[in-house]
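Asks: Here's my sequence, what's the structure:
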Amino acid sequence: MSDTRSDHPHLTTVVESAIAGFLADPDRNSLGPGHPEPAWSDFLVGYSRGDDPLYLTLKEVIGDFHWSPAEAFALLYDGFTDSSEETVLPAELTVISWALCQTEATRAANRAETAFPSEHWVRSRLFGQAANVALHHELLDALAARGWAAVAPGVSEEWKEYFAHTDRWASSWSERHVAHVCGLGTFGLCGGLITAKGKAVRLGSLVVRASIPPTPRPYSGPFDHCLYLSRGLCGLCADRCPAGSVDPHGRDKSACLHRLRVVGEEYVRERFGLDGYGCGLCQTGVPCESGLPQP
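Replies: Take a look at the predicted model:
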């Protein structure tokens, strides 16, 4: 087991170098067979303490079924069981969250669409997310090889959805909320996370038994980066939504889901010959697409 008092900065170097190396490999970061363009162009990484009070707040905002970092680690880490005499305290854990950024080519292609996603965007949703899942496992292996115990809650078999197909749709580990706690961004009107590199991102995270100084959160509230929710300006993501699911009074998740999984899947199959879905119109063609929006 690593000495948690001396994990920084070596562990952060391992994590960030591994992500950079993964994205630089065209065999692992691409838009799929026959499309060698990269799925992801850049990345952000943030860190938070396992005992950050915001993780308890998530149980109120999302539901008591949402795992704390300590719950996720205890449930998922091989070799650690409830019967173990050892207890892992939340303060001994660090959450690592990352955002993979869509390429300019993918954003531009989707920006030009008004009803359905571009092929670039669909491929990033399918093959880019497959790469993101592979990245989770690559990081787990890299950490394990150096003696750090870690788990990937969002891609684990135990990860669950709750109240699916309703407006209460949630999960046992929300990558967006975890990224918010880790200092990567705040929420927009459409529900997406607005990071320093914009909203057109894909998220992932690990919980590691190590001590790393947390990333300072450059915001005080959950909606600070959204022009509409913080200043009453913009609202263009609502105009971009072909399902009409984005509204200042609340998101209609069921309308969004129907557009994605029923109408969208049929379109993707017929138009691109792919089995999957995508949309992302609310993440492109808006002021927060690739950076913090300016009023």
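Asks: Leaving out chain neighbours, which residue sits closest to Ser156?
Replies: Nearest residue to Ser156, sequence neighbours excluded (C-beta to C-beta, 6 or more residues apart in numbering): Leu76, at 5.3 Å. The C-beta positions use only the backbone N, C-alpha and C, and glycine is treated the same way.
Asks: wait, what's in contact with that neighbour?
Replies: By C-beta atoms under 8 Å, 6 or more residues apart in numbering, the contact set of Leu76 is 151-153, 156, 158.
Asks: Turn the residues you listed into CSV, columns for pLDDT, neighbour count and distance to Val286.
Replies: Below are the contacts of Leu76 laid out as CSV (pLDDT from 0 to 100; neighbours: other C-beta atoms under 10 Å; distance: C-beta to C-beta, whole Å):
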residue, pLDDT, neighbour count, distance to Val286
Val151, 98, 26, 34
Ala152, 98, 21, 30
Pro153, 98, 25, 29
Ser156, 97, 16, 32
Glu158, 96, 12, 35
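Asks: Point to the residue nearest the middle of this structure.
Replies: Leu203 (2.1 Å; C-alpha atoms, centre = their mean).
Asks: for it, helix, strand, or coil?
Replies: Three-state call for Leu203 (DSSP: H, G, I helix; E, B strand; the rest coil): strand.
Asks: hang on, Cys288 in a helix?
Replies: No - looking at Cys288 with three-state DSSP, it is coil, so not inside a helix.
Asks: Per-residue confidence, it, what does it come out as?
Replies: pLDDT recorded at Cys288 is 98.
Asks: can you check Arg261 too?
Replies: Predicted confidence (pLDDT) for Arg261: 89.
Asks: Kindly report the same for Asp247.
Replies: We have a pLDDT of 90 for Asp247.
Asks: And for the one 3 residues further on?
Replies: Gly250 carries a pLDDT score of 80 in this model.
Asks: now do Ser84
Replies: 50.
Asks: and if you look at Asp167?
Replies: Per-residue confidence (pLDDT) for Asp167: 76.
Asks: Repeat that for Phe80.
Replies: 51.
Asks: got the contact list for the closest residue to the residue nearest to the centre of the chain other than its chain neighbours?
Replies: Computed as C-beta to C-beta, 6+ apart, the closest residue to Leu203 that is not its neighbour in sequence is Glu175, at 3.9 Å. Counting by C-beta under 8 Å, 6+ apart, Glu175 makes contact with 97, 154, 203-205.
Asks: 7 Å instead?
Replies: 154, 203-205 (C-beta atoms under 7 Å, 6 or more residues apart in numbering).
Asks: so which pair among those is furthest apart in space?
Replies: Gly154 and Leu203 (8.1 Å; C-beta to C-beta).
Asks: rewinding a little: tell me how far the residue nearest to Leu203 lies from Cys234.
Replies: Per C-beta to C-beta, to the nearest Å, Glu175 is found 24 Å from Cys234.
Asks: again with Ile62
Replies: As for Ile62, its distance to Cys234 is 26 Å (criterion: C-beta to C-beta).
Asks: Between those two, which is the more surrounded one?
Replies: Shown here are Ile62 and Cys234; by other C-beta atoms under 10 Å, Cys234 has more neighbours (20 against 17).
Asks: next one: phi and psi at the residue nearest to that one when sequence neighbours are not counted?
Replies: Closest residue to Cys234 in three dimensions, ignoring its sequence neighbours and counting by C-beta to C-beta, 6+ apart: Leu227, at 3.8 Å. Main-chain torsions, Leu227, degrees, to the nearest 10: phi -60, psi -40.
Asks: Leu227 touches Gly235, doesn't it?
Replies: No - assessed by C-beta atoms under 7 Å, Leu227 is found out of contact with Gly235, at 8.1 Å.
Asks: And those two? Which one has more around it.
Replies: Between Leu227 and Gly235, counted using other C-beta under 10 Å, the more crowded position is Leu227 (22 against 18).
Asks: Contacts only, for the more buried one.
Replies: 233-234, 287, 293, 295.
Asks: ok, now with 6 Å
Replies: By C-beta atoms under 6 Å, 6 or more residues apart in numbering, the contact list for Leu227 reads 233-234, 293, 295.
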